[in-house]
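S.K.: okay, sequence plus prediction incoming.
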Amino acid sequence: MKYAVEMREVSKRFPSVLANDRVSLCVKSGTIHAIIGENGAGKTTLMNVLYGLYEPDHGEILIKGTPVSFHSAMDAIRQGIGMVHQHFMLISRLSIADNIVLGAEPGRGLRYDRRQAEEGVLKVCQSYGIALDPRALVQDISLGMQQRVEIVKTLYRGADIIILDEPTAVLTPQEIDDLGRVLKGLKDRGKTILIITHKLEEVMDFSDEITVLRAGRHVVTLRKEDTSIPELTAYMVGREVHLGGCKASVDNSQVMLELNHVSCHPEGRQALQDISLTLHSGEILGIAGIDGSGQTELTELVAGVLPCQEGQVTFLGQDITSSSVSKRKAGGIGFIAQDRHRHGLILDFSVEENLLLGMQRRDAFISRRFLRNNSQIRSMAETRIRDYDIRPPLRASQAATLSGGNQQKIIIAREMGAEPALIVADQPTRGVDVGAIEFIHNTLVEHRNRGGGVLLASLELDEVMMLSDRIAVMYSGRLIGILDARTATREQIGLMMVGRRPEEVGV
């Protein structure tokens, strides 16, 4: 079988880090090839070199046996390479067709022929069995559909080699299944696909071959049939990984958080309806539900991002229903938001500045003249970077330059470093590698073991069942029931996630 892509001894250095160290990669034509590794292993950098966004400092690239030299993404596109980035590059107010043809608009002179664009996009969609309405606005479609738009955009430009960076990081389980069918359909039509991902179950489902990178170096390339998830994990991290943490027996008699008949209807939609629950000290209360059931709204309401429009929220005996985010943070509530770019980080700020956010007014970080105490801030940042293994370990690095997993570590380091009583965590492991997942699990469980409380929302049911002491199941903005995690089954939780009452599923 011929190689569609050959990267030989490729190196790429940035001022602070050697991202790729003589990496070699061979990808067979008409296959799905997964590239895995911890955050900061050099996966995205290597693919950015292949797509022409970076020029390699050393090594060579061959496409279908021919040496190439890329100075821009346009050079790569001309060689039949397309890339779907982790954060979609679409204009929400434009239609699907407008987004797909952008930069290659059909027409004569300055006149844009929208009908021809829509017909051309529809023809591509029909050719590859991808269901899209070319006239629909991007702002009105799901994330899964937006990803299809990005894939069709590469096909419209004639891509034979398609790179996908973390394609499932923002998708629901149903959308992930749909993506798998699309990718296998593309492979059947002769396309070559490279996937960067952290989710090893999907690696074993989607891919034909798997390359593991660690610390910027090639570790191994394997056929899917010749490996397993535990073996891949060991190659990625260099050791065995144990998820779920180790729970200790603790006193959880104190009620830490109480919601009484809480409702929230932002922008006229009923996001939460009459929610009542309690969370105790020394407890992880997991929130399970299909995407859009109200989990995110619940975490944002507790953190103060969304208003509580009916009912009452009590924290450690104090009514915080109308308290601001900053007051809740000062009072002992930490928040790990689902959308780290919107609610968790300021990407243009440095790692140090992001670690300081929300704590900049604390006495420890202010000098006698009400100025920043730079030595204390520097010490804090260096300690957090070391303790939470943020890579690269440089406090002056811009947050935008870090991988998604290391951005998530900044948020966790900041929120846990504030020593909160309660951690509100919404999708805390989304888009991070298995080593970082282990670290996050251990961090949450250790907080619980010290008597802290954790409100955990996750679309990963296995994660909810693994970490929680009790599991609250939501459906369509309502609380269906709360189960003991020690006795609840996947079948019971799954049925409640689609609206069945506890008594209907044998609880």
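M.R.: It's in.

S.K.: where does the chain dip in pLDDT?
M.R.: 1, 170, 172-173, 369-370 (pLDDT under 70).

S.K.: domain parsing of it, as residue ranges.
M.R.: Here the domain parsing of the chain from automatic domain parsing is 3-237, 255-504.

S.K.: in a markdown table: the ones you listed, plus mean neighbour count and distance to Ala248.
M.R.: C-beta: built from backbone N, CA, C; applies to glycine. Converted to a markdown table, the domains of the chain look like this (neighbours: other Cβ atoms under 10 Å; distance: least, Cβ to Cβ, whole Å):
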| stretch | mean neighbour count | distance to Ala248 |
| --- | --- | --- |
| domain 3-237 | 18 | 25 |
| domain 255-504 | 19 | 4 |
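
S.K.: for those domains, which one sits closest to Gly244?
M.R.: In terms of Cβ to Cβ, the element of these nearest to Gly244 is domain 255-504, at 4.1 Å.

S.K.: follow-up on the earlier one: dump the domains of the chain into TSV; add distance to Gly245 as well.
M.R.: Putting the domains of the chain into TSV (distance: least, Cβ to Cβ, whole Å) gives the following:
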stretch	distance to Gly245
domain 3-237	16
domain 255-504	3
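
S.K.: looking at these, which is nearest to Cys246?
M.R.: Between the domains of the chain, domain 255-504 lies closest to Cys246; by Cβ to Cβ that is 6.6 Å.

S.K.: how far is the closest one from where the chain is centred?
M.R.: Here the centre of domain 255-504 is set off from its chain's centre by 15 Å, with Cα atoms, centre = their mean, to the nearest Å.

S.K.: about what we covered before: let me know which of the domains of the chain is the nearest to Ser249.
M.R.: domain 255-504 (9.0 Å).

S.K.: show the end-to-end separation of the closest one, please.
M.R.: Domain 255-504 has an end-to-end distance of 29 Å (criterion: Cα to Cα, to the nearest Å).

S.K.: still on that earlier bit, quick one: which of the domains of the chain is nearest Leu243?
M.R.: domain 255-504 (5.5 Å).

S.K.: ramachandran coordinates for Phe14?
M.R.: phi -110, psi 170 (degrees, to the nearest 10).

S.K.: so what's it bridging to?
M.R.: Per DSSP bridges, the residues bridged to Phe14 are Val17.

S.K.: roughly how far apart are it and Thr45?
M.R.: 8 Å (Cβ to Cβ, to the nearest Å).

S.K.: wait, what's in contact with the most centrally placed residue in the chain?
M.R.: The centroid of the chain falls nearest to Gly431 when counting by Cα atoms, centre = their mean (2.9 Å). Shown in contact with Gly431 (Cβ atoms under 8 Å, 6 or more residues apart in numbering): 86, 166, 169-170, 198, 404-405, 408.

S.K.: mind redoing it with 7 Å?
M.R.: 166, 169, 198, 404-405 (Cβ atoms under 7 Å, 6 or more residues apart in numbering).

S.K.: what's the spacing between His265 and Gln312?
M.R.: 16 Å.

S.K.: where do the strands sit along the stretch 51-200 of the chain?
M.R.: Listed in chain order, the strands of the stretch 51-200 of the chain (DSSP state E, counting those that start in this stretch) span 58-63, 66-68, 81-84, 107-108, 111-112, 161-165, 192-196.

S.K.: make TSV from the ones you listed and add distance to Ser207 to it.
M.R.: Formatted as TSV, the strands of the stretch 51-200 of the chain follow (distance: least, Cβ to Cβ, whole Å):
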stretch	distance to Ser207
strand 58-63	20
strand 66-68	24
strand 81-84	16
strand 107-108	40
strand 111-112	39
strand 161-165	11
strand 192-196	7
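
S.K.: for Ile36, find the nearest of those.
M.R.: Of the strands of the stretch 51-200 of the chain, nearest to Ile36 by Cβ to Cβ is strand 192-196, at 7.7 Å.

S.K.: quick one: residues in contact with that closest one.
M.R.: Contacts of strand 192-196 (Cβ under 7 Å, 6+ apart): 4, 27, 29-35, 43-44, 47, 160-167, 183, 186-187, 206-207.

S.K.: coming back round to it: just checking, which of the contacts of Gly431 belong to helices?
M.R.: 404-405 (DSSP state H).

S.K.: looking at the contacts of Gly431, spot the one nearest Ser281.
M.R.: For these, the nearest to Ser281 is Gly405 (29.6 Å; Cβ to Cβ).

S.K.: mind listing what the closest one touches?
M.R.: So Gly405 contacts 39, 431-433, 436 (Cβ under 7 Å, 6+ apart).

S.K.: and those as a markdown table, adding distance to Ala131?
M.R.: Output for these, formatted as a markdown table (distance: Cβ to Cβ, whole Å):
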| residue | distance to Ala131 |
| --- | --- |
| Asn39 | 33 |
| Gly431 | 26 |
| Val432 | 31 |
| Asp433 | 32 |
| Ala436 | 34 |
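
S.K.: the stretch 251-400 of the chain: helices as residue ranges?
M.R.: For the stretch 251-400 of the chain, helices defined by DSSP state H, counting those that start in this stretch occupy the ranges 295-303, 325-331, 351-356, 374-387.

S.K.: looking at these, which is closest to Tyr51?
M.R.: Among the helices of the stretch 251-400 of the chain, helix 351-356 sits nearest to Tyr51 (Cβ to Cβ), with 26.2 Å.

S.K.: hey, C-alpha coordinates of the closest one in PDB?
M.R.: Backbone C-alpha positions of helix 351-356 (Å, rounded to 0.1, in the frame of the first residue of the first chain) are rendered in PDB as follows:
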ATOM      1  CA  VAL A 351      -0.100  31.900  32.300                       C
ATOM      2  CA  GLU A 352       0.800  33.900  35.400                       C
ATOM      3  CA  GLU A 353      -1.900  36.500  34.800                       C
ATOM      4  CA  ASN A 354      -4.500  33.700  34.300                       C
ATOM      5  CA  LEU A 355      -3.500  32.000  37.500                       C
ATOM      6  CA  LEU A 356      -4.000  35.300  39.300                       C
END
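
S.K.: packing partners of it?
M.R.: If contacts are counted by 3 or more Cβ pairs under 7 Å, 6 or more residues apart in numbering; DSSP states H and E, helix 351-356 sits against helix 374-387, helix 404-417.

S.K.: tell me which residues are up against the first one.
M.R.: Read that as helix 374-387. Taking Cβ under 7 Å, 6+ apart as the rule, helix 374-387 contacts 351-352, 355-356, 364-365, 393, 395, 413, 417.

S.K.: let's go with 10 Å and repeat that
M.R.: 350-356, 359-360, 362-367, 373, 390-397, 406, 409-410, 412-414, 416-417, 443 (Cβ atoms under 10 Å, 6 or more residues apart in numbering).

S.K.: now it and helix 404-417, what's the angle there?
M.R.: If you take axes from the mean of the first three to the mean of the last three Cα atoms, to 10 degrees, helix 374-387 sits at 120 degrees to helix 404-417.

S.K.: which parts of the stretch 101-250 of the chain are helices?
M.R.: Under DSSP H, counting those that start in this stretch, the stretch 101-250 of the chain gives helices at 114-128, 143-156, 173-188, 200-206, 229-237.

S.K.: out of these, which is closest to Ile320?
M.R.: Where the helices of the stretch 101-250 of the chain are weighed against each other on Cβ to Cβ, the nearest is helix 143-156, at 32.0 Å.

S.K.: please put the alpha-carbon coordinates of that closest one into PDB.
M.R.: Listed next in PDB are the C-alpha coordinates belonging to helix 143-156 (Å, rounded to 0.1, in the frame of the first residue of the first chain):
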ATOM      1  CA  LEU A 143     -21.600  21.700  16.900                       C
ATOM      2  CA  GLY A 144     -21.700  18.300  15.200                       C
ATOM      3  CA  MET A 145     -23.200  19.900  12.100                       C
ATOM      4  CA  GLN A 146     -20.600  22.700  12.200                       C
ATOM      5  CA  GLN A 147     -17.900  20.000  12.100                       C
ATOM      6  CA  ARG A 148     -19.500  18.500   9.000                       C
ATOM      7  CA  VAL A 149     -19.400  21.900   7.400                       C
ATOM      8  CA  GLU A 150     -15.700  22.100   8.100                       C
ATOM      9  CA  ILE A 151     -15.200  18.600   6.600                       C
ATOM     10  CA  VAL A 152     -17.200  19.500   3.500                       C
ATOM     11  CA  LYS A 153     -15.100  22.700   3.200                       C
ATOM     12  CA  THR A 154     -12.000  20.600   2.800                       C
ATOM     13  CA  LEU A 155     -13.700  18.300   0.300                       C
ATOM     14  CA  TYR A 156     -15.000  21.200  -1.700                       C
END
